[in-house]
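J.: please find the sequence and the predicted model below.
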Amino acid sequence: MLGRIRRRYILVKIESDEEIDRRSFLNAVWSSILRLFGEYGASQTELALIEYRWKERSAILRCSHRALEMVKSAIAAITRINGKEATIHILLVSGTLKSLRRKSKTIFAQENKNNMSQKSN
Amino acid sequence: MKFVDLHLRPPVNQFDKMRKLIEKSAELGYSVVGLTFPIDVKREYVENAQKICKELGLDMVTRADLTPKNSRELLSMLRKIRRKFEVIGVNCQTKQTYIQAAKDRRVDLISAHSGEYKKHFFGKSEAKLASEKNAALEVNLTPLLYTEGFRRIHLLNILRKEISAANKFGVPIVLSSGAENPRLLRKPNDYAALTYLLGLDLHSAKLALSVNPINIVERNRRKLSPNYICPGVYLVKRGKDC
């Protein structure tokens, strides 16, 4: 019998000097997974892009909990998106979207606070 | 947990680039950074780097990378510079230098996969020698990011073998970036995720990014302090009342 599907939600931060659209971002993640783990590996990830906010330079990805390590390593290995230099940092991993959003609020609040203090300095 | 990146390679004579690299490390959550300097570095460059690190609240470690052609050259280099730098890393090109580096107490880090992979790499014999001395195996993760295709396949294969040999003989592993460019720097957790490709579990990866490099730095700082006499013997107090 098939068990309950367990998923993981990953909040990432995108760093790039040029604007990157949703499709290019997802393509970059998929191609990194394909390069590192091949088609068989990619089929196990059940990857989906849940949310993409260029203004905040953040995105939320969903994957199977069994393929979490694969997806994390593929994300860390990205150096270019659509030919432009870019870096993706993993900020948070959570089991539910609700808890991820709750935790992300504190992270972004902290970041804003740091930015404000840097500007005042 | 205190995270360490023992291998930053900034262009020491370009102040702005060096600053950007160090700032990025601080932003990504590192508390200790090892900056690689040329052997004959001018004192002012080291002082500049120290100033930047101090401003950012980072602990700076001075490091030199040696690339000797043979074991004799390695010995002469070590004799000259050992007391000038806090950490010494060796890129071995021949089997002879691998063995010499592994059995020399003055060598802190042996860089993984620095030579030509078909000829030599950190195998069981080198790991056995290194386990009896102080040397740790250093894995630079930046090449994993910029290589592609067959080159990355070979690199992953060799690194996995080297890590497995090091684990078998209890040689400490140190993970570092080896980055020259801030774009190639990653967070400690991202590096830990990347080591999934090398067959290293998350706990060992975190040790390799924090405890193992800190142990090396602390040991060397003790040795370089004026109170160090010989292994196990330290000067506790100076003065007439002793």
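T.: In hand now; what should we look at?
J.: mind listing what's buried in the helix or strand hosting residue A:102?
T.: Under the criterion of DSSP states H and E, residue A:102 resides in helix A:97-120. For helix A:97-120, the neighbour count (16 or more other CB atoms under 10 Å in any protein chain shown) marks A:100, A:104 as buried. For every residue, glycine as well, the C-beta is placed using N, CA and C.
J.: that helix close to chain B?
T.: No: judged by CB under 8 Å from any CB of the partner chain, helix A:97-120 stays clear of chain B, getting no closer than 9.3 Å.
J.: average pLDDT for that helix, rounded please.
T.: For helix A:97-120, the mean per-residue pLDDT is 78.
J.: stretch B:197-215: how far from the chain's middle?
T.: Chain-centre distance of stretch B:197-215: 13 Å, with CA atoms, centre = their mean, to the nearest Å.
J.: got the residues of chain B near chain A?
T.: B:28, B:144-146, B:148, B:152, B:183-184, B:186-187, B:189-191, B:193-197.
J.: change it to 7 Å
T.: Counting by CB under 7 Å from any CB of the partner chain, chain B comes close to chain A at B:144-146, B:183, B:186-187, B:189-190, B:193-194, B:196-197.
J.: farthest pair in these?
T.: B:183 and B:196 (21.9 Å; CB to CB).
J.: now, of the residues of chain B next to chain A, which are buried?
T.: With burial judged by 16+ other CB under 10 Å, the buried subset of those is B:144-145, B:183, B:186-187, B:189-190, B:193-194, B:196-197.
J.: can you map out the helices along the chain?
T.: In the absence of a named chain, this looks at chain A. Using DSSP state H, the helices of chain A run over A:22-45, A:68-76, A:97-120.
J.: switch to chain B, please.
T.: Ranges of helices in chain B, per DSSP H, are B:15-28, B:43-55, B:71-81, B:95-103, B:124-132, B:142-146, B:149-168, B:188-194, B:202-209, B:211-224.
J.: what are the buried residues along the third one?
T.: So the one you mean is helix B:71-81. Result for helix B:71-81 [16+ other CB under 10 Å]: buried residues B:71, B:74, B:77-78.
J.: residues contacting residue B:199?
T.: Residues in contact with residue B:199 (CB atoms under 7 Å, 6 or more residues apart in numbering or on different chains) are B:160, B:163-164.
J.: low-confidence ranges, chain B, go.
T.: Within chain B, the stretches with pLDDT under 70 are B:113-120, B:242.
J.: switch to 50 and redo it
T.: For chain B, no stretch is flagged by pLDDT under 50.
J.: what sits opposite the residue nearest in space to the middle of chain A in the beta ladder?
T.: The geometric centre of chain A, computed from its C-alpha atoms, lies nearest to residue A:12 (CA atoms, centre = their mean), at 3.5 Å. Judged by DSSP bridges, the bridge partners of residue A:12 are residue A:59, residue A:90.
J.: would you mark the buried spots in stretch B:48-60?
T.: Residues B:48-49, B:52-53, B:56, B:58, B:60 are the ones in stretch B:48-60 that count as buried (16+ other CB under 10 Å).
J.: now, among those residues, which is nearest to residue B:108?
T.: When the buried residues of stretch B:48-60 are ranked by distance to residue B:108 (CB to CB), residue B:60 comes first, at 16.0 Å.
J.: what distance do you get for that closest one to residue B:46?
T.: Residue B:60 is 9 Å from residue B:46, where distance means CB to CB, to the nearest Å.
J.: one more: residue A:104?
T.: 40 Å.
J.: picking that back up, just the buried residues of stretch B:48-60 now: which is nearest residue B:240?
T.: Taking these together and measuring to residue B:240 by CB to CB, the closest member is residue B:60, at 35.8 Å.
J.: that closest one - nearest residue in space that isn't next to it in sequence?
T.: Spatial nearest neighbour of residue B:60, chain neighbours left out: residue B:53 (3.9 Å); criterion: CB to CB, 6 or more residues apart in numbering or on different chains.
J.: which residues touch that neighbour?
T.: B:22, B:33, B:60.
J.: which one's the longest strand in chain B?
T.: strand B:59-66 (DSSP state E).
J.: so that strand versus helix B:43-55, what angle?
T.: 140 degrees (axes from the mean of the first three to the mean of the last three CA atoms, to 10 degrees).
J.: give me the sheet partners of strand B:59-66 and which way each runs.
T.: Sheet pairing of strand B:59-66 (DSSP bridges) gives strand B:32-36 (parallel), strand B:87-90 (parallel).
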